[in-house]
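A.B. asks: just need the structure, nothing else, for what follows:
(2 chains)
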2 protein chains.
Amino acid sequence: MITDEVRKKIRAIVGPQNALESDLERFSYSYDSSFVPLLPANKPEIVVRPLTVEEVSQLMAVAYQHEIPVTPRGAASGRTGGSVPLQGGISLCLDRMTRIVELDEKNMTVTAEAGVRTIDLYNHCATRGLFYPPDPASWKFSTIGGNVAENAGGMRAVKYGVTSDYVMGLEVVLADGTVLETGGKAVKNVTGYDLKRLFTGSEGTLGVITRALLRLIPMPKRRGTLRIAFGSLDDGCATVHRMLQAGIVPAAAEIMDRVSIEAVARYSRMEIDPAVEACLIVEIDGEDEAALETQTKRIEAVAKECGSREFLAARSEKESDELWAVRRGLSSAVAALAPNRLGEDISVPRDAFPEVVRRIRAISEKYRLPIAVYGHAGDGNLHPSVLCDLANPEEAKRVHQAVDEIFAAALAVGGTLSGEHGIGITKRPYIAQALGEAGLRTLKAVKKALDPKGILNPGKIW
Amino acid sequence: MITDEVRKKIRAIVGPQNALESDLERFSYSYDSSFVPLLPANKPEIVVRPLTVEEVSQLMAVAYQHEIPVTPRGAASGRTGGSVPLQGGISLCLDRMTRIVELDEKNMTVTAEAGVRTIDLYNHCATRGLFYPPDPASWKFSTIGGNVAENAGGMRAVKYGVTSDYVMGLEVVLADGTVLETGGKAVKNVTGYDLKRLFTGSEGTLGVITRALLRLIPMPKRRGTLRIAFGSLDDGCATVHRMLQAGIVPAAAEIMDRVSIEAVARYSRMEIDPAVEACLIVEIDGEDEAALETQTKRIEAVAKECGSREFLAARSEKESDELWAVRRGLSSAVAALAPNRLGEDISVPRDAFPEVVRRIRAISEKYRLPIAVYGHAGDGNLHPSVLCDLANPEEAKRVHQAVDEIFAAALAVGGTLSGEHGIGITKRPYIAQALGEAGLRTLKAVKKALDPKGILNPGKIW
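C.D. replies: Next up is the predicted model:
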């Protein structure tokens, strides 16, 4: 319980207008974009919206002194409940820290506060010909702080990597309010343990990320899109593997199974060849048209070797947008098929992609639940979407069993619970199985060392 | 002190032939490739050479129980004293763990034990067209375990990154003997804190790395070498920056200052143009000759814009080897100039390269010590070599003052103490200045959490 005295301290730090205390306001901060049920217990006692790192530091010092749970929050676009305040306390919302502090063109870096939206950062850099590649699906509203805290991925990961591949430095407020600056603009840096990587993906449990120094690369000059249809999912996966093994690295390689394709077809009233079992959308990029053409030819050759049924290269930006629209509309199209859609996020070794999809097919049949499978074939990160009606208790039970088995299948083929969404609340039950006793014990030891009172985002990860 | 009873236990674990106890044998494990002085105190009480992770685990359990310091050791090619056993105890040498466990061509990964030499790993993968890029200067004798523990870099880092960019998973024996497996073959993985990155570069202070799962990429099909001469170091640096900003990423971009060039000239009895103040050796790679030619032309154009005086492109592998011979022979050539050479390793933001070199020039004059500067211009990692006679006490004093100021200069321009050699013993005095009080406190908290008795490589980093 936050006492009146503490509330006063908090209001004094951020100003009363940035300390939200009404029931309705607090309710609005009790959920995120995950399937964590709405519970009164998840309502924060107070929501604070600091503007500066000094304010965050002072807030954490107060929270530390009074042992108040603190749940950091960006845009709440997370899919695993990371910003849901499980133990009440403070919802620490960083949405007012929206400054892009510096764009250093010479060193190709950008420094941004936690609340900067991913797409705003991207656009800001793009105006100077610089490219910030990580593009989580939620990038139009997700924030950099949240991206770093969850180590967000995206479609471009196959070629360009994920958020952590771009984090050069962080400003982090520790549990007791200490401001830590780690990393810097030196590209190579082996001075002490890699703390920036430790905080990246720590889901708000080790510190509050207030600022990030991010690496940029030159913006590719040309982009192209290919759509390739296959008679089997295996053929599609084989195409991606052979491309990568031949050194043809696409900027994105998204695969969709039959269920997904049908969903899109129904949604957009398209006709589809009944023999098509999988579809690949590939983005390529390069310095000039010649580079794109070379890649297109090589990819077409590989796809043919793997038995492709159709190969389409966009001839214009409009055509390219049309091809991508299929993938972009997929999530909505799949969601429209049933009252609920439980979109999961597993990641497996690349060559295990077809095997894990086969296992998911079997799970789908066993539990009589349609499961659409799509995802980032280039890096083995897939999103099985269980289509269901959670209002039906018997069906809800089957759904949870099916999800359990999907995670078990991912682990069985040498994969992991999460490629880009984190563990949060929703995958907590599976973490021990994924990391083993020694792994979990090590995680907890690190947590205890950096947050001895356990006030930072309690109840997450394990 | 290791008691007779503990010695017996240790011999039983590894076999008496793998427990070295004679004075001479122990002496041989009291130093490495750094300038840490030979001291009787640095002699281990026993040297053990385990063959399996089970043996390492049992050894650590014994060490933990009896609170015996353990200093892990690979090939002892480190430059900062990382494998020097500062507090006696056990020198844990992993040189018998030399198995390449698996080359997984489909997932493009290789699994190797800690004692595998870097070059052996490289060659093994190369036979299958796969490329393990990290190439520390010592790669002909350095081992994978040491590379991971120090997060080794190399010349190819500008394009391909450093060791940590290739570590997908680790097997680590913790202080109490627990075997931890972390990471895996899934390319995207955000399940829990990034422990593999925490252990990578931890210099043997958090655990003993016994096995690494490493990412591979397709081997580039063609390589080419360029040598470009400049009338000033700034022009050379500017060329590298403009190349990178234009999206031309060389496989290596090594710069040498006038002192370095003269050293090579004297060593190999070459004539050099007196107006040449800096020389750049660039390696490019690509899919075919056309790709190399495009890059060559673009680099030549950029170099001209920046005022290059000479541009030479190797026409054959022999010519390429000749151009590289200059850079490869540099360390020996510089070393031949004086009785001692203190080669340092600082890393700065790319655009601060010329500024830090100017500061080093001033330090060289102030202390009347020749300092050769060369390094990886592409990533701001440079190696100033102080040429001196450490047998002269007055000069030795000046050398240490000069080195202090070199580190201060690196930090002053926003750089760091080490780009690829680690902190070890030699840079310990500067760590607090580099990381700040909060940074150092966080490092120590993590250390305490994972090694509560402080037995792992004590006396290193801080």
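A.B. asks: which SS state does residue A:177 fall under?
C.D. replies: Secondary structure assignment for residue A:177 (DSSP: H, G, I helix; E, B strand; the rest coil): coil.
A.B. asks: what about the residue lying closest to it once chain neighbours are set aside, which SS state?
C.D. replies: In this structure, residue A:177 finds its nearest non-sequential neighbour in residue A:61, 3.2 Å apart by Cβ to Cβ, 6 or more residues apart in numbering or on different chains. Heads up, the C-betas are built off the backbone N, CA and C, glycines and all. What three-state DSSP gives for residue A:61 is helix.
A.B. asks: now do the helix or strand bottoming out on mean pLDDT in chain A: which elements does it pack against?
C.D. replies: Every helix and strand in chain A was compared by mean pLDDT, DSSP states H and E; the lowest is helix A:317-328, with a mean of 84. Judged by 3 or more Cβ pairs under 8 Å, 6 or more residues apart in numbering or on different chains; DSSP states H and E, the packing partners of helix A:317-328 are strand A:222-230, strand A:252-257, strand A:278-286.
A.B. asks: tell me the confidence at the residue nearest to residue A:177?
C.D. replies: Per-residue pLDDT puts residue A:61 at 98.
A.B. asks: next: residue A:247.
C.D. replies: For residue A:247, the model assigns a pLDDT of 88.
A.B. asks: so it touches residue B:285, yeah?
C.D. replies: No. Between residue A:247 and residue B:285 there is no contact under Cβ atoms under 8 Å: 10.6 Å.
A.B. asks: what residues are shared contacts of the two?
C.D. replies: Common neighbours of residue A:247 and residue B:285 (criterion: Cβ atoms under 8 Å, 6 or more residues apart in numbering or on different chains): residue B:220.
A.B. asks: out of these two, which sits in the more crowded spot?
C.D. replies: Taking other Cβ atoms under 10 Å in any protein chain shown, residue A:247 and residue B:285 do not tie; residue B:285 has more neighbours (21 against 16).
A.B. asks: strand partners (parallel or antiparallel) of the helix or strand hosting residue A:342?
C.D. replies: When elements are assigned from DSSP states H and E, residue A:342 belongs to strand A:340-343. Take DSSP bridges as the rule and strand A:340-343 pairs in its sheet with strand A:381-388 (antiparallel).
A.B. asks: so for the strand it pairs with, mean pLDDT?
C.D. replies: For strand A:381-388, mean pLDDT is 94.
A.B. asks: which elements pack onto the host helix or strand of residue A:365?
C.D. replies: Remark: residue A:365 resides in helix A:353-366, with elements defined by DSSP H and E. Helices and strands touching helix A:353-366, by 3+ Cβ pairs under 8 Å, 6+ apart, are helix A:233-245, strand A:371-376, strand A:381-388, helix A:393-412.
A.B. asks: what's the angle between it and strand A:252-257?
C.D. replies: Using axes from the mean of the first three to the mean of the last three Cα atoms, to 10 degrees, the inter-axis angle of helix A:353-366 relative to strand A:252-257 is 30 degrees.
A.B. asks: now helix A:353-366: buried residues?
C.D. replies: For helix A:353-366, burial by neighbour count (16 or more other Cβ atoms under 10 Å in any protein chain shown) applies to A:353, A:354, A:355, A:356, A:357, A:359, A:360, A:361, A:363, A:364.
A.B. asks: now do it against strand A:278-286, angle only.
C.D. replies: If you take the same axes, to 10 degrees, helix A:353-366 sits at 150 degrees to strand A:278-286.
A.B. asks: can I get helix A:353-366 in PDB? Just the C-alpha atoms.
C.D. replies: What follows is helix A:353-366, C-alpha atoms only, in PDB (Å, rounded to 0.1, in the frame of the first residue of the first chain):
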ATOM      1  CA  PHE A 353      11.000 -25.200 -39.000                       C
ATOM      2  CA  PRO A 354       9.100 -27.800 -41.100                       C
ATOM      3  CA  GLU A 355       9.300 -30.400 -38.300                       C
ATOM      4  CA  VAL A 356       7.800 -28.000 -35.700                       C
ATOM      5  CA  VAL A 357       5.000 -27.000 -38.100                       C
ATOM      6  CA  ARG A 358       4.200 -30.700 -38.600                       C
ATOM      7  CA  ARG A 359       4.000 -31.100 -34.800                       C
ATOM      8  CA  ILE A 360       1.700 -28.000 -34.700                       C
ATOM      9  CA  ARG A 361      -0.500 -29.600 -37.300                       C
ATOM     10  CA  ALA A 362      -0.800 -32.700 -35.200                       C
ATOM     11  CA  ILE A 363      -1.700 -30.600 -32.100                       C
ATOM     12  CA  SER A 364      -4.300 -28.700 -34.200                       C
ATOM     13  CA  GLU A 365      -6.000 -32.000 -35.100                       C
ATOM     14  CA  LYS A 366      -5.700 -33.500 -31.600                       C
END
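A.B. asks: now, which of the buried residues of helix A:353-366 sits nearest residue B:147?
C.D. replies: residue A:353 (30.1 Å; Cβ to Cβ).
A.B. asks: contacting residues for the closest one?
C.D. replies: Counted by Cβ under 8 Å, 6+ apart, residue A:353 has contacts A:237, A:255, A:377, A:380, A:382.
A.B. asks: swap in residue A:73?
C.D. replies: For residue A:73, the contacting residues are A:29, A:32, A:83, A:91, A:92, A:93, A:94, A:95, A:146, by Cβ under 8 Å, 6+ apart.
A.B. asks: out of those residues, who's nearest chain B?
C.D. replies: residue A:146 (12.7 Å; Cβ to the nearest Cβ).
A.B. asks: what ranges do the helices span in the stretch 51-200 of chain A?
C.D. replies: Using DSSP state H, counting those that start in this stretch, the helices of the stretch 51-200 of chain A run over residues A:53-66, A:118-126, A:144-150, A:157-160, A:195-199.
A.B. asks: which other helices and strands does the last one contact?
C.D. replies: This means helix A:195-199. Using 3+ Cβ pairs under 8 Å, 6+ apart: helix A:195-199 touches strand A:167-173, strand A:179-183, helix B:195-199, helix B:431-450.
A.B. asks: do that again at 7 Å, thanks
C.D. replies: With contacts taken as 3 or more Cβ pairs under 7 Å, 6 or more residues apart in numbering or on different chains; DSSP states H and E, helix A:195-199 sits against strand A:167-173, strand A:179-183.
A.B. asks: can you check the third one too?
C.D. replies: Applying 3+ Cβ pairs under 7 Å, 6+ apart, one finds that helix A:144-150 contacts helix A:118-126, strand A:208-215.
A.B. asks: just the ones you listed: most buried one?
C.D. replies: Burial of the helices and strands packed on helix A:144-150 is given as mean neighbour count (mean count of other Cβ atoms under 10 Å in any protein chain shown); strand A:208-215 ranks first at a mean of 25.
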